[in-house]
Structure formats: structure tokens, C-alpha cells
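Trainee: Just need the structure, nothing else, for what follows:
(one chain, ligands or ions: 1)
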Amino acid sequence: MGTEVDYAREIQELKRSMNAVILAHYYQESEVQDLADFVGDSLALAQAAAATKADVIVFCGVHFMAETAKILNPARQVLLPDLKAGCSLSDRCPPGAFKAFKEKHPGAFVVSYVNSSAAVKAMSDVIVTSSNAVKIVNQVPKDRQVLFAPDQHLGRYVMKQTGRDMVLWPGSCIVHEIFSEKRLVQLKVEHPEAEVVAHPECEAAVLRHADFIGSTKALLDYVLKSPKEKFIVVTEAGILHQMKKGAPDKTFIPAPPDNGCACNECPYMRLNTLEKLWRCMKDRTPELVMPEELREAARAPLQRMLEWSA
Ligand code: SF4
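Mentor: Predicted structure coming up:
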């Protein structure tokens, strides 16, 4: 069958017959984003997953995002086109080592980035995304020491914004850590009229050259509203699709420049293809399942995130 399948049409039909909703992250392939009912960043997708009445959530993102959907809305069947779509940040924070880290700081308030496993979430007091991290850390009781995991760069950015001292887990994202300061400065020299927009998962040395720092959604909103015509975009290149759709006359330059290297694309996110999306809906597998005890333990800090970011 393979190439003869009209994936887009079949996916639409399956969606109706299964009463499914397709949620897609901004870092998905353009063709997957265009078929989704909702495209968003981690926070918006978690909110959409929690609210949906559809019987099936087809999650086009990475494993921890599908896990979050299941934790927040357990009555729904959650499908993920490729179960191997992991995340380097989450992988670099194994639950056993995280437990030992926590034990070294008894009584501390544990803030974990949503890019973490359910087991790590279950050991946390509150979860954050890059959209709400500053707002949430500002609400942590002032008399508590704060542990922040697993992204050290986002943690450092949040420390700067909130003035809160935090103990950081030394993790980073393989996509956001590759942006080099040198190449960014070169790009700025080549395009002096461009504004630089960057995600807070980038290193501080890169962030200091940014005109605007924000979550994926905040970057999108910013470039659409800005009177500027040209932008250097320092985050996963998948977001360029929505930027170009929203402002076709503006110019978006991915950092590093498109020179054949795809290292600014998340290799995990890109595991989901249109064919795998179609196949997972048709076969209703792979399905995200988790032990109820773990789900319940991870739900409380996620729920707190939704309340504190409302
Ligand atoms: S872009 Fe980085 S943080 Fe996001 S899913 Fe990929 S590896 Fe994880």
C-alpha cells in the first residue's frame, strides 16, 4: 500500500470515526501540524488535553507530552505515533538520580520542567513549562529552598527573572544547546536589521544577544505583532512553519542558518511522520499506558501548575 495511501484524507476519516482529536506540538513536521485540530506549545497542549471530550487523543509530540495528556485526562485513550519519540532533557534526568538529588536537599520545594518523566514529576511539588516558569516560581513560598530540574539554562533564566536562588539540575536540550554564540553574532552582523528571538532553553551566552526571550508560543506571538520585518529565530526550526503562515511577508532566519545541517530540528519530534500518524490511528497502537499509582502521583504537581498559571 505505502505510497498509494492518501494519508491526509484517511487521517481525517479516522478522526471522525474514532471521535479523536489530534494535538500537535510546534516542532512537528509542517504536514503533521496542518492536519492537527490544535497546534501549541507544552502548556497549551496540556490544557487542551485536559479539556478535550474526544474519546481518543492522538498526540503528535514526544513521550512526556503524551504522558502528560494521559495523567491529566485518564479516561481518554492516548496514542503516540512513535513511542520512541523521547526527549534528551527528560532522558538526562533519570528518576533514581533525581531522587538522590532531592534527598540531598531535604525540605526544598521541587519545581520540575514539564520535559521530564512521570516518575520525576511524581517527586515534584509543581511542574512548569517555559511559558509559565517565571510566574510559577514567583509563587513558591519565599522561605523554601527551590530545586529546579532538569533544564539548567531555563533555570538560570528563571533565576534572573525572579531573583530567586535555585539549585539547578545540570540538564540541557540537545537542540537548544547547539546554537553557538559565535554563529549567532555572525548572523547578526550579516542581518543588522533583524531582531533576534530565542527560547530560554538556550545557553546564557546565546540569550544575551536576544531582543526577545520567550516560550515557543511567546516567540510566535512576538514576531507576528512586531513591526520588524526580519527575525533570527533561535529555537527548534519547526516553529518557522507557523511564523511563515502567520506573517508570509516577513523573513525568518533559522539559527544556525540552513546550510544542510538539521541540528536545529529535534530528532525525537521528527520521528512522528504522517505515515506513522495514520498507522497509529488505524491500528490504535502504540498507546500510552501507565500504572495508576504513578499517574495519580504525577497528577498533583501538574494540576498545581494549571491552577498557578491560570
Ligand atoms: S527540542 Fe529538546 S527539549 Fe524539546 S523535545 Fe526535543 S530534545 Fe526535548
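Trainee: C-alpha from now on. contacts and neighbour counts both.
Mentor: Fine.
Trainee: Not including adjacent chain positions, what is the nearest residue to the closest residue to the ligand within the stretch 1-150 of the chain?
Mentor: Going by C-alpha to the nearest ligand atom, the ligand is nearest to Cys87 of the stretch 1-150 of the chain, at 3.7 Å. Taking C-alpha to C-alpha, 6 or more residues apart in numbering as the measure, Cys87 lies nearest to Tyr268, with 6.3 Å between them; neighbours along the chain are not counted.
Trainee: Next up, the contacts around that neighbour.
Mentor: Val62, Lys84, Ala85, Gly86, Cys87 (C-alpha atoms under 8 Å, 6 or more residues apart in numbering).
Trainee: List buried members of those residues by neighbour count.
Mentor: Among the contacts of Tyr268, those scoring as buried are Val62, Ala85, Gly86, Cys87 (criterion: 16 or more other C-alpha atoms under 10 Å).
Trainee: Would you convert those residues into TSV that also reports pLDDT?
Mentor: Conversion of the buried ones among the contacts of Tyr268 to TSV gives the following (pLDDT from 0 to 100):
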residue	pLDDT
Val62	97
Ala85	97
Gly86	96
Cys87	96
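Trainee: mind checking how far the residue of the stretch 1-150 of the chain closest to the ligand is from Gly171?
Mentor: Spatial separation of Cys87 from Gly171 under the definition C-alpha to C-alpha, to the nearest Å is 11 Å.
Trainee: swap in Cys266?
Mentor: Using C-alpha to C-alpha, Cys266 is found at 16 Å from Gly171.
Trainee: ditto for Phe101
Mentor: According to C-alpha to C-alpha, Phe101 and Gly171 sit 13 Å apart.
Trainee: Thr273 now?
Mentor: The gap separating Thr273 from Gly171 is 28 Å, by C-alpha to C-alpha.
Trainee: ok, Ala198 touching Gly214?
Mentor: Yes: judged on C-alpha atoms under 8 Å, Ala198 makes contact with Gly214 at a distance of 6.5 Å.
Trainee: which one of these two has more residues nearby?
Mentor: In this comparison of Ala198 against Gly214, neighbours counted by other C-alpha atoms under 10 Å, the higher total goes to Ala198 at 27 against 18.
Trainee: who are the neighbours in contact with that one?
Mentor: By C-alpha under 8 Å, 6+ apart, the residues touching Ala198 are Leu207, Ala210, Phe212, Ile213, Gly214, Leu219, Val233, Val234, Thr235.
Trainee: taking the mean pLDDT, what do you get for the strand or helix carrying Val58?
Mentor: Assigned by DSSP states H and E, Val58 belongs to strand 56-60. Mean pLDDT, taken over the full extent of strand 56-60, equals 98.
Trainee: What of stretch 15-34?
Mentor: For stretch 15-34, the per-residue pLDDT values average out at 97.
Trainee: Alpha carbons of it, as CSV, please.
Mentor: As requested, C-alpha coordinates have been extracted for stretch 15-34 and formatted as CSV (Å, rounded to 0.1, in the frame of the first residue of the first chain):
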residue,chain,number,x,y,z
LYS,A,15,-10.5,11.1,13.2
ARG,A,16,-14.3,11.2,12.7
SER,A,17,-14.9,7.5,13.1
MET,A,18,-12.8,7.3,16.2
ASN,A,19,-14.0,10.6,17.7
ALA,A,20,-10.4,11.5,18.1
VAL,A,21,-8.6,14.8,18.5
ILE,A,22,-5.1,15.4,17.0
LEU,A,23,-2.8,17.6,19.2
ALA,A,24,0.5,18.6,17.7
HIS,A,25,3.5,20.4,19.0
TYR,A,26,5.0,23.3,17.1
TYR,A,27,8.1,21.2,16.5
GLN,A,28,6.3,18.6,14.4
GLU,A,29,6.7,18.4,10.6
SER,A,30,4.6,21.0,8.8
GLU,A,31,2.3,18.4,7.2
VAL,A,32,1.5,17.0,10.6
GLN,A,33,0.8,20.4,12.1
ASP,A,34,-1.6,21.1,9.2
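Trainee: hang on, isn't Cys93 packed against Pro150?
Mentor: Yes: the criterion here is C-alpha under 8 Å, and Cys93 meets it with Pro150 at 6.2 Å.
Trainee: For those two, indicate the residue with more neighbours.
Mentor: When Cys93 is set against Pro150 and neighbours are counted by other C-alpha under 10 Å, the residue ahead is Pro150, at 28 against 22.
Trainee: Look up how far Met65 lies from whatever residue of the stretch 101-250 of the chain ends up closest to the ligand.
Mentor: Of all residues in the stretch 101-250 of the chain, the one sitting closest to the ligand is Cys173 (4.2 Å; C-alpha to the nearest ligand atom). The span separating Cys173 from Met65 equals 15 Å under the rule C-alpha to C-alpha.
Trainee: Show me which of the two is the more surrounded one.
Mentor: Of the pair Cys173 and Met65, Met65 is the one with more neighbours under other C-alpha under 10 Å, namely 28 against 22.
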